[in-house]
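Colleague: Predicted model follows, preceded by the sequence.
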Amino acid sequence: MNLPVDPKQCLFVSDLDGTLLDGDGQLPEDSVQRINRLIDNGLNFSIATARNYDSAYPLLKGLNLKHPVILFNGVYLTELHTGKNLFFSNFISLDIIYKMISIAESHNTKPFIYSYEKKKHLVYYKEANNFGMQSYIDVLDADNRARKVDEFIFSEAESISGFLLIDTLEVLKPVYAELNTFYGGKLNIYFAPDASNPDFYWLQSFHQEANKGRMLKQMTEHLGIPLSKTVVFGDYLNDLDMFQVAGYSIAVENALPEVKYYAHHVISSNIENGVIFYLESLFE
């Protein structure tokens with residue numbers, strides 16, 4: 001795809017997992033150096049990820065990003081190297097959270113619940129019922145966010161930014177149906193196979209107004225760059241909100257079929273460094 005405008009006038013925003021990161025969920029030093037060379041050559045680059053700051057910063061700290069990043073699926077717009085949150089979307093009410101817990105536990109599955117308080121991100125859970133959940137806990141343990149609890153009790157100062165259920169399709173399908181029935185207009189719900197463990201599904205939810213597309217609009221207004229000059233890269237359902245508002249949308253080859261369907265262009269996979277090669281074709 002040839003951009004109709006000078007790429008140095010565009011803002012390029014990439015998802016992380018399954019898009020910019022490699023097959024091991026890492027950004028190797030060679031990739032960091034290649035992206036930094038592009039930034040030095042005029043690339044306006046940023047990130048939009050479902051990861052929160054504690055998880056994203058260790059991966060991105062070597063990048064010389066000049067623009068804020070979209071974190072936790074659009075809950076936060078954050079300065080990467082200071083951790084300062086510039087904008088927030090809405091959080092989920094405790095009434096909805098406790099109803100979700102009741103629905104989940106009635107189907108013998110347990111949620112992960114994401115909390116934010118005084119610049120600190122935590123993920124509460126009761127137990128791991130399956131391999132998919134345990135794999136996720138292993139990831140969380142790397143940055144010390146996970147908190148195993150006997151009961152879900154939240155302080156008045158805590159804000160709930162989202163929740164996640166990991167289980168089989170059979171278990172989660174009725175949970176998804178019930179949540180849509182009760183809160184279809186109040187929650188932004190994603191339900192799709194676990195990219196790392198295809199035997200399991202992820203049911204992840206945020207406030208209805210929390211998505212990458214809405215925060216991308218906020219970012220472009222903040223930076224003074226029109227959406228028509230924004231190029232986004234993605235692979236998963238939560239990237240479609242960006243695809244709908246950006247001037248150009250690009251899917252990697254390993255993206256879900258519906259993501260590739262809505263993309264203007266498809267490039268090589270994350271394992272093949274598709275995003276970086278594409279950017280290098282424009283700037284070098």
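Modeller: The structure has been received and is ready for your questions. Residues are numbered from 1 along each chain as shown.
Colleague: Check the offset of stretch 67-76 from the chain's centre.
Modeller: 8 Å (C-alpha atoms, centre = their mean, to the nearest Å).
Colleague: I meant stretch 146-154, not that one.
Modeller: 23 Å.
Colleague: got a list of contacts for that stretch?
Modeller: Here stretch 146-154 makes contact (C-beta atoms under 8 Å, 6 or more residues apart in numbering) with 94, 97-98, 101, 113, 115, 122-127, 137, 140, 160. From N, CA and C alone the C-beta is placed, and that goes for glycine too.
Colleague: can you do 7 Å?
Modeller: L94, I101, I113, S115, L122, V123, Y124, Y125, K126, I137, L140, I160 (C-beta atoms under 7 Å, 6 or more residues apart in numbering).
Colleague: and the third one, how many neighbours?
Modeller: Meaning I113. For I113, the count of nearby residues is 24 (other C-beta atoms under 10 Å).
Colleague: And it, its phi and psi?
Modeller: phi -120, psi 130 (degrees, to the nearest 10).
Colleague: For it, report the pLDDT, please.
Modeller: The confidence metric pLDDT takes the value 96 at I113.
Colleague: now swap in the last one and tell me
Modeller: Listed pLDDT for I160 reads 95.
Colleague: name the helices or strands packed onto the helix or strand hosting it?
Modeller: In this structure, I160 sits in strand 159-167 according to DSSP states H and E. Using 3 or more C-beta pairs under 7 Å, 6 or more residues apart in numbering; DSSP states H and E, the elements in contact with strand 159-167 are helix 94-106, strand 111-117, helix 131-141, strand 201-207.
Colleague: Confirm that D54 sits in a helix.
Modeller: Yes - counting by DSSP: H, G, I helix; E, B strand; the rest coil, D54 is part of a helix.
Colleague: For it, grab the count of nearby residues.
Modeller: Quick note: D54 (other C-beta under 10 Å) scores 18 neighbours.
Colleague: Contact partners for the closest residue to it other than its chain neighbours?
Modeller: Leaving out its chain neighbours, the residue that sits closest to D54 by C-beta to C-beta, 6 or more residues apart in numbering is D143, at 4.6 Å. Neighbour list for D143: D54, S55, P58 [criterion: C-beta under 7 Å, 6+ apart].
Colleague: and the helices and strands packed on strand 159-167 as JSON lines, adding distance to Q26?
Modeller: Below are the helices and strands packed on strand 159-167 laid out as JSON lines (distance: least, C-beta to C-beta, whole Å):
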{"stretch": "helix 94-106", "distance to Q26": "31"}
{"stretch": "strand 111-117", "distance to Q26": "22"}
{"stretch": "helix 131-141", "distance to Q26": "12"}
{"stretch": "strand 201-207", "distance to Q26": "20"}
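Colleague: burial of N273, as a residue count?
Modeller: When neighbours are defined as other C-beta under 10 Å, N273 has 20 of them.
Colleague: Can you give me the distance of it to S31?
Modeller: To S31, N273 is 7 Å away according to C-beta to C-beta, to the nearest Å.
Colleague: Give me the residue at the spatial middle of this protein.
Modeller: Centroid check for the chain by C-alpha atoms, centre = their mean gives A50 as the closest residue, at 1.7 Å.
Colleague: Nearest to K66 among the contacts of D143?
Modeller: P58 (19.7 Å; C-beta to C-beta).
Colleague: ok, and what's touching the strand holding I160?
Modeller: Here strand 159-167 has contacts from 72, 75, 91-92, 94, 97, 100, 104, 109, 111-117, 130, 132-133, 136, 154, 172, 175, 194, 200-206, using C-beta under 7 Å, 6+ apart.
Colleague: Over to stretch 97-116?
Modeller: Stretch 97-116 is contacted from outside by 121-127, 129, 152, 154, 158-165, 167, 171-172, 174-175, 178-179, 182, using C-beta under 7 Å, 6+ apart.
Colleague: what ranges of the stretch 1-150 of the chain fall below the confidence cut-off?
Modeller: 1-2, 4 (pLDDT under 70).
Colleague: OK, contacts around N64?
Modeller: Contacts of N64 by C-beta under 7 Å, 6+ apart are N36, I39.
Colleague: What are the buried residues along the lengthiest helix in the chain?
Modeller: Ranked by number of residues, the top helix in the chain under DSSP state H is helix 169-183. Neighbour counts using 16 or more other C-beta atoms under 10 Å place V171, L172, V175, Y176, E178, L179, Y183 of helix 169-183 among the buried residues.
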